[in-house]
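Q: model this:
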Amino acid sequence: MNEQNEWAVKANGATGRIDKWLAEQQDWSRSQVQDWLKAGHVEVDGRIVKPNYKMSGTEEILVRIPEAVELEVLPENIPLDVVYEDSDVIVINKPKGMVVHPAAGHVSGTLVNALLHHCQDLSGINGVKRPGIVHRIDKDTSGLLMVAKNDLAHESLAQQLKDKTTERLYIALVHGEIPHELGTIEAPVGRDKNDRQRMTVTDKNSKAAVTHFRVLERYEGFTVVECKLETGRTHQIRVHMRYIGFPLAGDPKYGPRKTMKMNGQALHAAVLGFKHPRTGEMLNFEAPLPEEMTFEISQLKKLELES
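A: Coordinates of the predicted model:
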């Protein structure tokens, strides 16, 4: 891709719809590619085509990627569960259902909107849409998240994540009764070529991913596990547990649907540990399971006692 944000490629035998094929070539969503095609940003052999154009495999394709429109991110007075805060970092216990940072379709009500109201001094390294955000957890995953309040803290926390020296433990309720006590899932995670909104275990256009798990409790048809992240890929725990045959309860994307009354996956970031970016002191935090997850586990216990 050059300075004009142009991406040129030869089809090299590819067939099928051009929108589907283009979405598989880069980390682009199919809907985004379709918008570009409709707006005339894609040329095939020098001419503009529609999203349903069928490729013959001999084309030369040029994609002119339009400049991103910067979202206006406004502070919002949204209550935050602040677990720890000083002049360098803030640790939040994020509720289920809250998006971490603004994006198309979620320009308000996010953790970033709340942080901008709560803090006047967030790191600007990740730009206006993700100020202070060092790592993220999914919308329907609850739990602990660390945020940098200045660039020194941001660089330190990001390096700790890269060096795998942070501690991140998650509690998950999964379908099935895992027979062994411990396990490690080492399987690369990348975007699903058939559904760009999903991730999957694949050896194509993927990144290494490692999840360690430990069984905490077993119930009829379900297991409560503790998952320790060695890497932090998108949807990693959800994808890995599905891959070994134990998908998360309540997960609308990777698990059986409507097996519980939960809105979204039963996954909670329960433990977070990192070195303070200025003092070097090791900080460790814990957040209790949310009520919804506690209730579902209590119901499983109740059923077991009654049987």
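
Q: How far off centre is the one helix or strand Q299 maps to?
A: If you go by DSSP states H and E, Q299 is part of helix 291-306. On the basis of CA atoms, centre = their mean, to the nearest Å, helix 291-306 sits 28 Å off its chain's mean C-alpha point.

Q: tell me the mean pLDDT over it?
A: Averaging the model's pLDDT scores along helix 291-306 yields 91.

Q: With stretch 136-152 instead?
A: Averaging pLDDT along stretch 136-152 gives 94.

Q: Just the pLDDT at the most centrally placed residue in the chain, thanks.
A: Nearest residue to the geometric centre of the chain (CA atoms, centre = their mean): T234, 3.9 Å. Note for T234: predicted pLDDT of 92.

Q: So it belongs to a helix, correct?
A: No. Assigned with DSSP: H, G, I helix; E, B strand; the rest coil, T234 falls outside any helix and is coil.

Q: In this structure it contacts M199, no?
A: Yes. Shown here, T234 and M199 form a contact pair, counting by CB atoms under 8 Å, at 5.4 Å. Backbone N, C-alpha and C define where each C-beta goes, glycine included.

Q: residues shared between the contacts of the two?
A: Common neighbours of T234 and M199 (criterion: CB atoms under 8 Å, 6 or more residues apart in numbering): V189.

Q: Tell me how many other residues surround E230.
A: For E230, the tally of surrounding residues (other CB atoms under 10 Å) stands at 15.

Q: Not counting its neighbours along the chain, what's nearest it?
A: Among residues not flanking E230 along the chain, V210 sits closest, at 3.8 Å (CB to CB, 6 or more residues apart in numbering).

Q: ditto for D251
A: Nearest to D251 is Q265, by CB to CB, 6+ apart, at 3.9 Å.

Q: What of K275?
A: With CB to CB, 6+ apart, the residue lying closest to K275 is M282, at 5.6 Å.

Q: what are the phi and psi angles of the one you found?
A: Torsion angles at M282 (phi, psi; degrees, to the nearest 10) stand at phi -80, psi 120.

Q: which residues sit in contact with it?
A: 273-276.

Q: Now for these: which two are most distant?
A: Across the contacts of M282, the longest distance by CB to CB is 10.8 Å; it joins G273 and H276.

Q: Name the residues contacting each of these two.
A: 282-283.

Q: The closest residue to S108 other than its chain neighbours and A187, how far apart?
A: The shortest distance from S108 to any non-neighbouring residue, by CB to CB, 6+ apart, is to E76 (6.2 Å). E76 sits 39 Å away from A187, going by CB to CB, to the nearest Å.

Q: quick one, which of these two is more surrounded?
A: Taking other CB under 10 Å, E76 and A187 do not tie; A187 has more neighbours (18 against 15).

Q: Spatially nearest residue to that one (excluding sequence neighbours)?
A: Leaving aside its chain neighbours, A187 sits nearest to V201 (4.4 Å; criterion: CB to CB, 6+ apart).

Q: tell me, how many neighbours does the one you found end up with?
A: 17.

Q: so it sits right up against V239, yeah?
A: Yes. Taking contacts as CB under 8 Å, V201 lies within contact range of V239: 6.4 Å.

Q: could I have stretch 147-163 exported to CSV, CA atoms only?
A: Extracted in CSV, the C-alpha atoms of stretch 147-163 (Å, rounded to 0.1, in the frame of the first residue of the first chain):
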residue,chain,number,x,y,z
VAL,A,147,-5.9,2.0,31.4
ALA,A,148,-2.9,4.3,31.0
LYS,A,149,-3.2,8.0,32.1
ASN,A,150,-0.1,9.2,30.4
ASP,A,151,2.3,8.0,27.7
LEU,A,152,5.0,6.7,30.0
ALA,A,153,2.4,4.4,31.6
HIS,A,154,1.0,3.4,28.2
GLU,A,155,4.4,2.4,26.9
SER,A,156,5.2,0.4,30.0
LEU,A,157,1.9,-1.5,30.2
ALA,A,158,2.0,-2.2,26.5
GLN,A,159,5.5,-3.6,26.8
GLN,A,160,4.5,-5.8,29.7
LEU,A,161,1.7,-7.3,27.6
LYS,A,162,4.1,-7.9,24.8
ASP,A,163,6.6,-9.5,27.2
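
Q: Now it: buried residues?
A: Going by neighbour count (16 or more other CB atoms under 10 Å), the buried part of stretch 147-163 is 147-150, 153-154, 156-158, 160-161.

Q: Quick check: strands, which of those are part of them?
A: 147-148 (DSSP state E).

Q: Tell me the spacing between the residue nearest to the centre of the chain and D81.
A: Where D81 is concerned, T234 sits at a distance of 24 Å (CB to CB).
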